[in-house]
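Trainee: okay, predicted coordinates and the sequence, questions at the end:
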4 protein chains.
Amino acid sequence: MKLWGGRFDKDTDRLMEEFTASIFFDRRLAEEDIAGSMAHCRMLASQGIISPEEAGLILEGLAKIREEIRRGEFTYSAVLEDIHLHVEQRLTEKIGPAGGKLHTARSRNDQVALDMHLYVRKEILAVTSLVATLQQVILEVAGAHLDVIMPGYTHLQRAQPVLFSHHLLAYFWMLARDRERFLDAYKRADWMPLGAGALAGTTFPVDREMVAAELGFARLYENSLDAVSDRDFVAEFLSAAALLMVHLSRFSEDLILWSSSEFAFVTLDDAFTTGSSMMPQKKNPDIPELVRGKAGRVLGSLVAVLTMLKGLPLAYNKDMQEDKEGLFDTVDTLKICLMLYSAMLRTVKINAAQMYAAASGDFASATDLADYLVRQGLPFREAHAVVGRLVGSCVNSGRRLSELTPEELREASPLLGAEALLLLAPEACVAARRARGGTAREAVEEQLKKAREIMEP
Amino acid sequence: MKLWGGRFDKDTDRLMEEFTASIFFDRRLAEEDIAGSMAHCRMLASQGIISPEEAGLILEGLAKIREEIRRGEFTYSAVLEDIHLHVEQRLTEKIGPAGGKLHTARSRNDQVALDMHLYVRKEILAVTSLVATLQQVILEVAGAHLDVIMPGYTHLQRAQPVLFSHHLLAYFWMLARDRERFLDAYKRADWMPLGAGALAGTTFPVDREMVAAELGFARLYENSLDAVSDRDFVAEFLSAAALLMVHLSRFSEDLILWSSSEFAFVTLDDAFTTGSSMMPQKKNPDIPELVRGKAGRVLGSLVAVLTMLKGLPLAYNKDMQEDKEGLFDTVDTLKICLMLYSAMLRTVKINAAQMYAAASGDFASATDLADYLVRQGLPFREAHAVVGRLVGSCVNSGRRLSELTPEELREASPLLGAEALLLLAPEACVAARRARGGTAREAVEEQLKKAREIMEP
Amino acid sequence: MKLWGGRFDKDTDRLMEEFTASIFFDRRLAEEDIAGSMAHCRMLASQGIISPEEAGLILEGLAKIREEIRRGEFTYSAVLEDIHLHVEQRLTEKIGPAGGKLHTARSRNDQVALDMHLYVRKEILAVTSLVATLQQVILEVAGAHLDVIMPGYTHLQRAQPVLFSHHLLAYFWMLARDRERFLDAYKRADWMPLGAGALAGTTFPVDREMVAAELGFARLYENSLDAVSDRDFVAEFLSAAALLMVHLSRFSEDLILWSSSEFAFVTLDDAFTTGSSMMPQKKNPDIPELVRGKAGRVLGSLVAVLTMLKGLPLAYNKDMQEDKEGLFDTVDTLKICLMLYSAMLRTVKINAAQMYAAASGDFASATDLADYLVRQGLPFREAHAVVGRLVGSCVNSGRRLSELTPEELREASPLLGAEALLLLAPEACVAARRARGGTAREAVEEQLKKAREIMEP
Amino acid sequence: MKLWGGRFDKDTDRLMEEFTASIFFDRRLAEEDIAGSMAHCRMLASQGIISPEEAGLILEGLAKIREEIRRGEFTYSAVLEDIHLHVEQRLTEKIGPAGGKLHTARSRNDQVALDMHLYVRKEILAVTSLVATLQQVILEVAGAHLDVIMPGYTHLQRAQPVLFSHHLLAYFWMLARDRERFLDAYKRADWMPLGAGALAGTTFPVDREMVAAELGFARLYENSLDAVSDRDFVAEFLSAAALLMVHLSRFSEDLILWSSSEFAFVTLDDAFTTGSSMMPQKKNPDIPELVRGKAGRVLGSLVAVLTMLKGLPLAYNKDMQEDKEGLFDTVDTLKICLMLYSAMLRTVKINAAQMYAAASGDFASATDLADYLVRQGLPFREAHAVVGRLVGSCVNSGRRLSELTPEELREASPLLGAEALLLLAPEACVAARRARGGTAREAVEEQLKKAREIMEP
């Protein structure tokens, strides 16, 4: 019979049992569940709600169960619904009736809320640490290819030459904000719910501050209904995850483009590509592609949780059991994506010559010609128009700007001397953007310095 | 070494292998994969691309592998990436080099597309059959409680009395449209992609019509790039699934409300409820709650697939491997939700007296009073205002409309005779709505008749 | 005072009035509202519920109001909440008390449901007609460039040469399925809700079949609660819209790639690109970019409606007013995207030489070499490995397959004669894929024929 | 001709112009655009890039334009694309060629990024201030009804009696976290992008720190590509908004339930409800319903932006223009929802007697009986089972727990004395939950004190 079966006349339908059981996914919370139970047990003893002997038995039993779980010797079954009942049942098997006292002054509602908070806190630290590793790899790769010039793009059209290191570092800062976001989310995961009971608090003289201190929580939920009813900290984690995945999906798009024959800016290492079962020549950028695809999956999990919570009355509703699988899947997804990204990026081969050639083509330096005219006194809008017409004439005659004759330049504007053509070399364009945050070597070095500073512990 | 490893210098990274492998979820496609391979093999032989002996060996080998899989004796490993390579490798183990010939004239790209089409077709039939069962249960329950009167609600305010059977049947029609939608989706899943090769077709003289006929497909993809690039049939399945779940989530909301002490319109059977680990009196409507929550999950999977596909260039991209897990999870979710709904609904207890009492309270019959005035010649808007004022006066004096005095009625409008009060009985309100689709008993019987007709095969 | 104000003691809060008013967006339903009212009025007269004189007055009044609206002379105000009350109020101004009779036997709940069905039906026809136009443009452009060869891609790696016309036609078929999907959605929009009243039907002897016939509906809602409670037909429209936008977003990605300097496969016409305020040389593919971006917007509207409906009890709830803005926005988005796509595609310039050069590079024909070996008797998997090694050796030595010496070929496999190199020309690769749906000219011509057939009325 | 038309041969297509123009929504950024331009202008002058005279003219011109805009005298047209070009064009009309110098050293890419950051910052402060107001109203209402007892619910089943004030305060803390979340999002909106140019920085010696200081930004974007490419701060705002709306949707569900005849716990003021066009008695909770519905809309906007960003290569792409409408709509939605919620809540009538009656019914105090047994020494699990059986027997005999006889109690457990029944009064249950965060009056008073503290400036 169920632990809660006292008032029931009939057994639960078996399919129903499978449907409502969460053990096959919430077993992932076993460590958190036991850590929370241990803290709860110590508090019960400290408050005299259970005896020191009972507490000793319980703590010893829980430690043994934890060992069984770690060694893979624990058995799971849908009948026992969830990880909480599994642990408690096993405890009673091991230590007898004292096991039944552990659940004093708590409910599964505050217990599962506690487990989830512990889990999210833990995984935020794990994920941010992997983000930091990827940031370090970016710093390494950027530092190692500081002077490589490539075209910068807008609208996927070559826009202006930039340093490859500068382009790469853009992702460093996106990841920096992602990390901040996760750490801000940590603050909301850092509220301690235990003591809320099923929804109204408990009739026992619990010491919630003690539990919080033992488990390292910064704050307590000040309202028992709130403590068991909300999963906003899960949704916030998933929001931060969705944005991180969006950033990685954009990085992936860049890498996929750069790996194409048309761009040929980088070569991914064999270890991080796959082939085709049909086409012997294929070498596919599977990691960036899958990462890009998985951005959808993580967004889906965010939508799932927000939709699930939407419109639920207080306090706990069974719908909220749906807060777990998408979260667990997201944690796994983030971790493997980040690990593989770091490994892949470390081994990527940069094709500097190809990048440089692309930066030299087209009219990526046209802005600099306009800026030159501005410095000669022409209002920007007129300078823009002059250069626009020169570009148009080059396109029609199949030439580059650097192939214009001095006469053509003068004709376009008397302010345009031949020396202006010197500005059109990609190196000159890059070097000219010295202002903070720009792509000139010294600006990028300054940026690298700042980036390294924020990575220091 | 990988089957596609010819051009590679290095081994695949192990983590990368896990990341890109799909075997741990696409093994669910084993039956489809083998059925597709058998049809392909017969066609290759029929076209003289392989010999009859080779075909015989291959077919025999595939049948044995299918048995191994069904008996759970097949072993899976991330190294072999996916179900396609698993089957093929095992085939070669079993029958030697002839096994290598099965992949002639196809690629994993068209092979997986075929498997997915077969799978979606199969599951559409399975899901619609479960929907039909639930519709039948609704017809039974509605038929068994034809005359029970309850309040109909808008804005969760009691609006007008309706038959409980009528309310229940509303879900019948939603499910009918859901079923139609799935069957329409079937038409798009019913295109046969094999023969598209990796993307461009095949150099072998394949007979795609033969494969399609053998597998029962209504149409062929007429464009090889289209055949391997799209997953719109998956997204369409998920759209239909999301709407079905939205309908069930609304049904769930009704059942959860009706199970509350405040409504107390129904009692769910013990077999389909659970208790609380803390509160001994609790009996919770877990099934409707979880179903309502899982509407979010299914919507999340739809968002995931649409976002994954968004912005992908042709043809196949690895991102598309993300089409499976959300689909499989959705199929499982739909099936168990539908099965439990049917079982639960069959055993639900209807509290007719409580429903009737609720329908008698408040002012659920006020519309009928206004309609009465209209029939006496008052324009509807004026009648509405007259009755509105009467309701306001009753609210202020704590009475029902039926407790108004003849004087009060006449004062409100000379057209209001005392006989008008007879219209206020719930039975009268219900009986008066005889027009097609209305809630009068004869209209509901007519509706039931129509509903039973569309359920006939 | 409000039309429904009879029972209220106080005026509505002004901010509240703005919040709940829908007139500023539902005025778009004016034509549908009047058409629905006219049909309702004729039925009321035909059933003797109103007199022929009243009906004549009402119909004349409605026709005049429709003229005012078309001429932009109608005034709107938040006080009158929605289009239904606007029309009715104006009617009463024009024709006096008879105007108040129009609302007999209906409620705003079934009235707005009717308007929405009429609107969705109308817009499905408008959208599918624009889809058909785009399909025609694709047929024209494909027909006009039938023999242009380009690389086909998987994983954005060059995979096998294909005809540009073949690649383009892939989108034709996606759009064909989109059109089918909209037309299937039409069937669910084609149910007639009027007569459902607020939720329970009506006490008047209405003739719902007559209204349906007059408005061209194929079916009637058989359940009044269902008729006013559901918006699945809106969600289904949005699902079809989301998939159409996903298809267009993929087409856009292709066009954006092809417009880049790196690909340079197409040149968009000046009329359909924009420049940069800073970089004089820029010519940006704004249309494909915006279309790709708007795929997110339409998906967002789908999510909004499904989330809104999720968990609502029957029958009508005010939440459902949120069904409109996303729908209207989606209709506008689809229409302008489709119109611009047709116009842009008609004027796109195809750079055949650049496409051909790309198809010749790399190893896009490697599959054909493997297929050749298969025809010589080698199992496919071994052939794949042989060619894979040849590709690897070419990559390392910077050569193409066609530059291998006869000795190298023989060394790789005794079956590899020098004549095999002839297969490597892109023309040969394309021509070899003659099976139905393949990229050979005759297969594409056959495909074009089929495509033209399904476009015939 | 367009400002960027220099290189173009043809005019823009008119429909295309409408499609790509953003002026009809980005005009909302006019104040931000002018504030940013003024800061930019002062910096240009301070750095000697333009002359003090030019700067004076520009600033004066911008101030006048701002006045025109504020007075509604500014005209907008699709031809001029966006607010940036509108302002600049008008400036040149007003002050002549000097107007053209304002765009020196910037691009629309960094300009619009700046405007968006300014806008999001501003609206975060506006929204959090409205959240704070709603929190204050909650404190007032909770304080004014401190002792009202109602049933607390889980699974919408009565679970344990709680104070109404306690239930209400749960929303206070959710809103507190929402406010924190918005303020954390502020930190990411507080990066200054100007100086990034189109993507690579600028060739002019700009002083970005000066611009940042003048506009009150805490940080600078350190990477120009990052500055113009990302919209994560928009997505983060929308995430916080979606969670806030989810919280309000839950509050709404509670209010809608409580306003039903079945619960009848509260009465919404007439000013914040509406009636029915058909049913004279209806009084509908439109505000909570619409707020609940709009949760979907805001989630949709979040999905739209994340999907739009997904997979975009660096740097700016036109897709990103789709970042605005959903954001603006969300800001409007949040503001009106919050304002109406505060107003509505202030006037809600609490039906204390009805709440108390509901809290007395059923078995909401059963947990306390079990806790009593625990204090007598019974392990919790056994106590739970004993009480469960008592509840079951009461359900079967139609009694309350308080109606059990002393014999029945003793029979159930020798530890159960008659005095245990005293614990079953709702007051006793509430008073017993004294631990921090619990529902006892002193705990709630402590909670109120903490809540008031965090509201202090």
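Mentor: Done, it's in. Here the structure is a predicted model, which means the values were calculated and not measured.
Trainee: for the longest helix anywhere in chain A, what is the average pLDDT?
Mentor: Scanning chain A for the helix with the most residues, using DSSP state H, yields helix A:108-144. Throughout helix A:108-144, pLDDT has a mean value of 97.
Trainee: what does the helix or strand just after it contact?
Mentor: Going down the chain from helix A:108-144, the next helix or strand is strand A:149-154, by DSSP states H and E. The contact list for strand A:149-154, computed with Cβ atoms under 8 Å, 6 or more residues apart in numbering or on different chains, reads A:158-164, A:167, A:265, A:352, A:355-356, A:358-359, A:361-362, A:364, A:426-427, A:430, A:439, C:260-261, C:276, C:279, C:282, C:284, D:109, D:198-200, D:225, D:228, D:313-317. Yep, even glycine has a C-beta here, placed from its N, CA and C like the rest.
Trainee: point out where the stretch 201-350 of chain A drops to low pLDDT.
Mentor: A:276-282 (pLDDT under 70).
Trainee: where along the stretch 301-450 of chain A do the strands fall?
Mentor: With strands called from DSSP state E, counting those that start in this stretch, the stretch 301-450 of chain A shows them at A:349-350.
Trainee: and the pLDDT at the residue of it found nearest chain D?
Mentor: Using Cβ to the nearest Cβ, the closest approach of the stretch 301-450 of chain A to chain D is made by residue A:388 at 1.6 Å. If you check residue A:388, the pLDDT there is 85.
Trainee: which helix or which strand is home to residue A:457?
Mentor: Using DSSP H and E, no helix or strand contains residue A:457.
Trainee: neighbours around it, how many?
Mentor: Neighbour count for residue A:457, taken as other Cβ atoms under 10 Å in any protein chain shown: 3.
Trainee: how about the one residue in the stretch 51-200 of chain A that gets nearest to chain C, nearest residue that isn't a chain neighbour?
Mentor: Of all residues in the stretch 51-200 of chain A, the one sitting closest to chain C is residue A:155 (3.8 Å; Cβ to the nearest Cβ). Spatial nearest neighbour of residue A:155, chain neighbours left out: residue C:284 (3.8 Å); criterion: Cβ to Cβ, 6 or more residues apart in numbering or on different chains.
Trainee: one step back: okay, angle between the longest helix of chain A and strand D:149-154 too, please.
Mentor: 60 degrees (axes from the mean of the first three to the mean of the last three Cα atoms, to 10 degrees).
Trainee: could I get the buried residue list for helix A:108-144?
Mentor: Within helix A:108-144, the residues that count as buried by 16 or more other Cβ atoms under 10 Å in any protein chain shown are A:108-121, A:123-124, A:127-128, A:130-132, A:134-139, A:141-143.
Trainee: now stretch A:43-60
Mentor: Neighbour counts over stretch A:43-60 (16+ other Cβ under 10 Å) mark A:43-46, A:49-50, A:54-55, A:57-59 as buried.
Trainee: near chain B, which residues of the stretch 101-250 of chain A?
Mentor: Contacts of the stretch 101-250 of chain A with chain B, taken as Cβ under 8 Å from any Cβ of the partner chain, map to A:103, A:106-109, A:197-198.
Trainee: what does the stretch 101-250 of chain A have sitting close to chain C?
Mentor: Counting by Cβ under 8 Å from any Cβ, the residues of the stretch 101-250 of chain A close to chain C are A:151, A:153-160.
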